[in-house]
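> give me coordinates for this.
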Amino acid sequence: SYNPPPLVQWSSSLDLRSSEVSSDFNTLVSSQVENDIALKKLYKHGILRVFNVPTDHDGQWALSECFSGGGKDPVDAREKSVYFSNSGPMKTLYGSTWSTSTSSSLQGASTSTADSAYTSDSLPLHTDMTYFHSPPGLQIFTMSQPAPNGGGRSVYRDGFEAAQKLYEEHQEAFHLLAGTHFTYRYLDADQGWHLEASGPIIEVDPTRRKEDGGPVIRSIRHNDLDRIGFLPPLTVKEEDVEGWYERIDDALDKWDNIVHNSGRVKIHLQEGEAVVVHNNRVMHARESFTLNGGARSIVGCYVSREDIESRWRATMTQKKE
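Residues are numbered from 1 along each chain as shown. This is a model prediction of the structure:
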């Protein structure tokens with residue numbers, strides 16, 4: 001039977017360099033036991049720091065294989081490629097692997113001028129690909145070249161902890177954000193992309209409740225930069241629409257106050273350090289930085305939600321003797 005460990009909700013006290021949420025790339029890719037341990041760490045906390053990661057695209061592919069597919073790829077290593085492998089990165093509009101860099105010489109076909117990640121500005125906390133009907137399950141960030149002046153710290157926030165806090169302090173706001181479908185959009189005329197999808201900011205499992213009767217939070221979909229609008233449910237009467245929008249605006253304010261003013265963890269990633277983020281749970285952000293003639297470069301990739309959830313089930317299912 002499927003027997004996952006309890007989720008550990010965390011706030012600003014989490015140490016991303018502790019062994020509780022860290023793994024070594026070399027043992028991760030060479031030992032199935034260590035791979036299983038890392039999968040459980042990632043399941044519990046929604047975040048995992050991996051050190052000694054190669055900063056090329058092959059390294060990102062290898063790391064993604066630890067969290068995707070069936071865990072035992074039947075394809076011979078000599079023949080493994082994007083055409084035959086049953087594991088590896090999720091292909092998105094940025095390709096299978098990607099790089100974000102303020103140095104144009106490091107950018108390839110996977111970069112896009114429509115994405116604010118390619119600037120030196122700060123980025124607010126968000127989850128990625130909110131404009132996908134099924135956003136990626138994981139995002140892998142590997143630092144290739146830190147900002148020269150020590151700026152550009154990475155910021156992370158446990159969305160499940162934030163949602164739980166909203167439920168405990170403002171239940172009406174929680175239910176509004178869980179019951180309203182918000183639309184998200186990505187437009188890039190140069191590359192020819194127009195993506196749209198909708199969903200609640202807080203997705204609640206409709207089939208389960210906690211022992212205390214509270215909701216079981218299934219996923220978070222949050223990106224203020226990509227959200228374009230929302231409509232009231234058909235059950236809202238015409239004369240109540242204005243009041244409904246006022247309550248939604250108030251709920252969003254309460255949510256943003258919790259997300260941005262508490263529980264954040266910051267880390268200045270060094271070259272070869274990666275952070276694997278459960279994109280349906282943990283939000284990420286970035287502090288601004290200045291270049292002073294240098295560059296800040298990150299390589300990475302996504303893993304589908306189906307892949308990582310399959311690996312979790314396979315790893316944490318007790319087999320009958």
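> contacting residues around the residue nearest to Phe51 when sequence neighbours are not counted?
Distance criterion CB to CB, 6 or more residues apart in numbering; nearest residue to Phe51, sequence neighbours excluded, is Glu273 at 5.4 Å. Yep, even glycine has a C-beta here, placed from its N, CA and C like the rest. Neighbouring residues of Glu273 by CB atoms under 8 Å, 6 or more residues apart in numbering: Arg49, Val50, Phe51, Val53, Thr142, Met143.
> can you say which helix or strand has the second one in it?
With the criterion set as DSSP states H and E, the secondary-structure element containing Val50 is strand 47-51.
> ok, now the fourth one?
Val53 is part of no helix or strand when elements are defined by DSSP H and E.
> got phi/psi on it?
Main-chain torsions, Val53, degrees, to the nearest 10: phi -90, psi 130.
> count the neighbours of it for me.
Applying other CB atoms under 10 Å, we find 28 residues neighbouring Val53.
> and what of the second one?
Val50 sits with 24 neighbouring residues when counted by other CB under 10 Å.
> with the last one instead?
Residues near Met143, counting by other CB under 10 Å, number 24.
> tell me the pLDDT of the residue nearest to Phe51.
pLDDT for Glu273: 97.
> got the contact list for Gly263?
With contact set as CB under 8 Å, 6+ apart, Gly263 has these partners: Trp10, Ser11, Ser12, Arg157, Asp158, Glu161, Ala162, Lys165.
> among the residues you listed, name the buried ones.
Trp10, Arg157, Asp158, Glu161, Ala162, Lys165 (16 or more other CB atoms under 10 Å).
> list the ones among these that fall in helices.
Mapping the buried ones among the contacts of Gly263 onto helices (DSSP state H) picks out Glu161, Ala162, Lys165.
> could you dump those to CSV with distance to Asp240 and pLDDT?
As requested, these are arranged in CSV below (distance: CB to CB, whole Å; pLDDT from 0 to 100):
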residue, distance to Asp240, pLDDT
Glu161, 32, 98
Ala162, 28, 98
Lys165, 28, 97
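> need the buried ones among the contacts of Gly263 in a markdown table with distance to Glu172, can you?
Output for the buried ones among the contacts of Gly263, formatted as a markdown table (distance: CB to CB, whole Å):
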| residue | distance to Glu172 |
| --- | --- |
| Trp10 | 26 |
| Arg157 | 22 |
| Asp158 | 22 |
| Glu161 | 20 |
| Ala162 | 16 |
| Lys165 | 14 |
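> can you verify my assumption that Val276 contacts Phe51?
No - contact criterion CB atoms under 8 Å: Val276 and Phe51 do not qualify, at 11.7 Å.
> so those two - more neighbours on which side?
Val276 (29 against 16).
> could you measure from the residue nearest to the more buried one when sequence neighbours are not counted over to Glu287?
Excluding its sequence neighbours, the residue lying closest to Val276 (CB to CB, 6+ apart) is Leu48, at 4.4 Å. From Leu48 across to Glu287, the span is 21 Å (CB to CB, to the nearest Å).
> for Pro124, give me its contacts.
Contacts for Pro124 (CB under 8 Å, 6+ apart) come out as Asp224, Leu225, His260, Ala285.
> count of neighbours near the first one?
I take that to be Asp224. The number of residues packed near Asp224 is 14, by other CB under 10 Å.
> touching, it and His126? I think so.
Yes - Asp224 lies in contact with His126 (CB under 8 Å); the separation is 7.0 Å.
> if we can go back for a sec, distance to Thr130 added to the ones in helices among the buried ones among the contacts of Gly263, as JSON lines?
Putting those into JSON lines (distance: CB to CB, whole Å) gives the following:
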{"residue": "Glu161", "distance to Thr130": "19"}
{"residue": "Ala162", "distance to Thr130": "16"}
{"residue": "Lys165", "distance to Thr130": "21"}
